[in-house]
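In: got a predicted model here, sequence first, then my questions.
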Amino acid sequence: MSLTLANAWVLTMDKGLTQFRNGWIRIEGETIAALGEGPAPEGGEVLDMGGDVIMPGMVNPHCHLPMSLFRGLGEDVDDRLFRYILPLERKFVSPAMVRAGTALSALESIMGGVTTIADMYYFETEVAEVMDRAGLRAVLGQTLADFAAPDHASFDEGFALCDALADRLAGHPRLIASIAPHAPYSTGPRVLERAARWHDDHPGTRVQIHLAETEAERDWALREHGMSTTALAAMSGILRPGTIAAHCLLVDDADIALLAETGAGVAHNARSNGKAGRGMARVEDMRRAGIPVGIATDGPMSGNTLDLFAQFGPVSIFAKILGHSRRPLPAAEVIRMATLEGARALALDDRIGSLEPGKKADIIRISLDAPRLHPVYDVYSMLVFAAQPADVHDVMVAGHWLMRNRRVQTLETDRVLSDALQVAGQFRAEMNAIDQGQT
């Protein structure tokens, strides 16, 4: 069966940023067959897009999907991590909780035009089950850490979970397994070396890691190993093509050169980093060095939202502050980072990230009905500074509709919200007990 999306403002997001102001896209099965300007070719089903923007589905290269259930929890409490978050994780993170939180995040992502997500958390086979049902594309990382992880008591157990995830997802058309050592300081060089060997033994998988995120991490690496955390990770062999390094806030010129040399990608979490007061990443310098940098949300506990549109302003503004000019990170480059470059950071740009013949039909439709979107002098500026998730009307992954006219097709909205609120009730009760000194 063929489907043609006609009468559309097509933003291909290819290397040349080709646009078709009166364009069409022909889809055959899961794949984009052809696209162009003018009247749509005859044959198959034709849908009139009414002049709306059609662009690639967006890519979120770093988040913790189940943590939507922690959104806004203890927001103004200085020690909320140790007072609430860690105790709640130890007591309540279970397969059922992970499924509930992942479903809530998947629903939010679809409704915001995000079609590909890199996640790292616990019980990742449960995350995979929900993402498969939702119809999304994802890189799914089983976290390894030396603190009290909810799903493993030792690194051996953690590696066994990675094995199970890789076996479960082998050959899956949309889901890719990943090993996810939490960070250099929470695993250590030997575990990073072992994770690199695991990746060697599991072709087609990915690696995810938090890197150069905090001053405490930087100080630990200098004190214990006499080098930066980026240099330590590189020495351990964990930085390579297919590695997604999240944050990379505290990197110097030598670190940037190392990242570029190893072929790793970077997930930039501007809003989350800014909200935590951790600073602004050297995005322009990393991109100039040839490092693919995607725009990420981080987890909903720290960033509060899985809305990529909400990240665009901070991404652009922080670069302009660092550059003392309006010129750094033009709007078109921000959208490139949210699509093709984000796909490149995940080593998926051969199949997604731009609308080109032969690539997967991961496509979103952005309605131009809202008055706040007009006039449109620069479509990319409109997307970066004015568009919102509510403007996303249709979402497709691999030629299958996940949302039509703001109605999600693959998840039961009422059930998703009900399950999430039930867990939130348990969290509230436990927080009250903590505050009253009963735990």
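Out: Received the coordinates, thanks.
In: so residue 110 makes contact with residue 403?
Out: Yes: taking Cβ atoms under 8 Å as the contact criterion, residue 110 and residue 403 are neighbours in contact, 5.4 Å apart. In this view, the C-beta of every residue, glycine as well, is placed from N, C-alpha and C.
In: between those two, which has more neighbouring residues?
Out: Set residue 110 next to residue 403 and count neighbours by other Cβ atoms under 10 Å: residue 110 wins out with 26 against 23.
In: can you pull the contacts of that one?
Out: With Cβ atoms under 8 Å, 6 or more residues apart in numbering as the criterion, the residues that contact residue 110 are 134, 136, 395, 402, 403, 408, 410, 411.
In: hang on, the fifth one in a strand?
Out: Yes: Residue 403 sits within a strand when classified using DSSP: H, G, I helix; E, B strand; the rest coil.
In: quick one: pLDDT of the spatially closest residue to residue 382 that is not a sequence neighbour?
Out: Excluding the flanking residues, the one nearest residue 382 by Cβ to Cβ, 6 or more residues apart in numbering is residue 376, at 5.1 Å. Per-residue pLDDT puts residue 376 at 98.
In: likewise for residue 149?
Out: The pLDDT attached to residue 149 in the predicted structure is 87.
In: specify the local secondary structure of it.
Out: Reducing the assignment to helix, strand or coil with three-state DSSP, the entry for residue 149 is coil.
In: any idea how many residues pack against it?
Out: Counted with other Cβ under 10 Å, the burial measure for residue 149 works out to 21 neighbours.
In: now do the domain split for this protein, please.
Out: As assigned by automatic domain parsing, the chain contains the domains 2-56+361-408, 58-345.
In: hmm, back to that, now do the shared contacts for residue 110 and residue 403.
Out: Shared contacts of residue 110 and residue 403, defined by Cβ under 8 Å, 6+ apart, comprise residue 395.
In: distance of the residue nearest in space to the middle of the chain from residue 106?
Out: Here the mean C-alpha position of the chain is nearest to the C-alpha of residue 60 (Cα atoms, centre = their mean), at a distance of 2.2 Å. Between residue 60 and residue 106 the distance is 11 Å, computed by Cβ to Cβ, to the nearest Å.
In: residue 243 now?
Out: Taken as Cβ to Cβ, the span from residue 243 to residue 106 is 24 Å.
In: one more: residue 231?
Out: Look at residue 231 and residue 106: by Cβ to Cβ, they are 37 Å apart.
In: between those two, tell me which one has more neighbours.
Out: Counting neighbours by other Cβ under 10 Å for residue 231 and for residue 106 shows that residue 106 has the greater number, 29 against 19.
In: can you pull the contacts of that one?
Out: The contact partners of residue 106, taken as Cβ under 8 Å, 6+ apart, are 65, 130, 131, 134, 136, 411.
In: doesn't it lie inside a strand?
Out: No: the secondary structure assignment for residue 106 gives helix rather than a strand, going by three-state DSSP.
In: circling back to that earlier point, just give me the closest of the contacts of residue 110 to residue 417.
Out: Checking those against residue 417 with Cβ to Cβ, the nearest one is residue 411 at 10.2 Å.
In: count of residues packed around the closest one?
Out: When neighbours are defined as other Cβ under 10 Å, residue 411 has 21 of them.
In: so where's the stretch 301-439 of the chain uncertain?
Out: Low-confidence segments of the stretch 301-439 of the chain (pLDDT under 70): 439.
In: now do the helices in it.
Out: With DSSP state H, counting those that start in this stretch as the definition, the stretch 301-439 of the chain shows helices at residue ranges 309-323, 331-338, 340-345, 379-385, 413-435.
In: ok, now the stretch 151-300 of the chain?
Out: With DSSP H, counting those that start in this stretch as the definition, the stretch 151-300 of the chain shows helices at residue ranges 155-169, 184-187, 189-201, 215-225, 229-236, 253-262, 270-275, 283-288, 300-303.
In: wait, which of the ones you listed is closest to residue 433?
Out: Going by Cβ to Cβ, the one of the helices of the stretch 151-300 of the chain nearest residue 433 is helix 300-303, 19.9 Å.
In: what sits against the residue nearest to the centre of the chain?
Out: By Cβ under 8 Å, 6+ apart, residue 60 lies in contact with 109, 114, 116, 117, 118, 294, 295, 296, 297, 306, 308, 342.
In: now these as a markdown table including neighbour count and distance to residue 143?
Out: Rendered in a markdown table, the data for these read as follows (neighbours: other Cβ atoms under 10 Å; distance: Cβ to Cβ, whole Å):
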| residue | neighbour count | distance to residue 143 |
| --- | --- | --- |
| 109 | 30 | 19 |
| 114 | 29 | 21 |
| 116 | 29 | 19 |
| 117 | 28 | 15 |
| 118 | 29 | 12 |
| 294 | 30 | 19 |
| 295 | 29 | 22 |
| 296 | 32 | 16 |
| 297 | 30 | 17 |
| 306 | 29 | 18 |
| 308 | 26 | 23 |
| 342 | 33 | 21 |
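In: narrow those to those in strands?
Out: In this view, the contacts of residue 60 that belong to strands under DSSP state E are 114, 116, 117, 118, 294, 295.
In: and the fifth one, how far is that from residue 233?
Out: Right, residue 294. Counting by Cβ to Cβ - residue 294 and residue 233 are separated by 18 Å.
In: same check on the first one?
Out: Distance from residue 114 to residue 233, counting by Cβ to Cβ: 27 Å.
In: and if you look at residue 304?
Out: Taking Cβ to Cβ as the measure, residue 304 falls 28 Å from residue 233.
In: any idea which of the helices of the stretch 151-300 of the chain gets closest to residue 96?
Out: helix 155-169 (17.2 Å).
In: report the contact partners of residue 363.
Out: When the contact criterion is Cβ under 8 Å, 6+ apart, the partners of residue 363 are 5, 25, 27, 54, 55, 56, 57, 355, 394, 395, 396.
In: if we can go back for a sec, for residue 304 and residue 233, indicate the residue with more neighbours.
Out: Shown here are residue 304 and residue 233; by other Cβ under 10 Å, residue 233 has more neighbours (31 against 19).
In: show the pLDDT at the residue nearest to the centre of the chain.
Out: 98.
In: ok, then the element right after the host helix or strand of it?
Out: Taking DSSP states H and E as the definition, residue 60 sits inside strand 58-63. Next along the chain after strand 58-63, taking DSSP H and E as the criterion, comes helix 80.
In: neighbouring contacts of that next one?
Out: Among residues not part of helix 80, those counted as contacts by Cβ under 8 Å, 6+ apart are 73, 74.
In: what does stretch 371-381 give?
Out: Stretch 371-381 is contacted by residues 9, 11, 19, 53, 330-332, 334-335, 368, 382, 386-387, 391 when judged by Cβ under 8 Å, 6+ apart.
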